[in-house]
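A.B. asks: give me a model of this one.
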Amino acid sequence: MYSDGLGVPRDLTLAMQWLLNAANQGVAPAQFNLAMKYHREAAVRDYKQVATWYQKAAE
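C.D. replies: Numbering: from 1, shown residues only. Just a heads-up that it's a prediction; the model follows:
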């Protein structure tokens, strides 16, 4: 919701926090989506994080 501003103001910081919380709990779709955010969002682009989260999602 925060990523796209659906029903709430768009807030990339909150979106990343929620994704990170879920990803750290082993939720594979959240790990994948977090990798996508690190890959596509210029404000948080970090290719090391992209590789890390894609790998965890694949496992």
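A.B. asks: what about the protein, any weak spots by pLDDT?
C.D. replies: Judged against pLDDT under 70, the chain has no low-scoring part.
A.B. asks: all strands of it, in order?
C.D. replies: Read by DSSP state E, the chain holds no strands at all.
A.B. asks: quick check: most distant residue from the centroid of it.
C.D. replies: Each residue of the chain has a distance to the centre, and by Cα atoms, centre = their mean the biggest one is for Gly7: 19.0 Å.
A.B. asks: in contact with the residue most central in space within the chain, which residues?
C.D. replies: Centroid-nearest residue in the chain: Leu34, 1.9 Å away (criterion: Cα atoms, centre = their mean). Applying Cβ atoms under 8 Å, 6 or more residues apart in numbering to Leu34 gives the contacts 16, 19-20, 23, 49, 53. Where you see a C-beta, it was placed from the backbone N, CA and C, and this is true even at glycine.
A.B. asks: how about Ala58?
C.D. replies: Shown in contact with Ala58 (Cβ under 8 Å, 6+ apart): no residues.
A.B. asks: now Ala43. Nearest residue, chain neighbours left out?
C.D. replies: Leu12 (6.0 Å; Cβ to Cβ, 6 or more residues apart in numbering).
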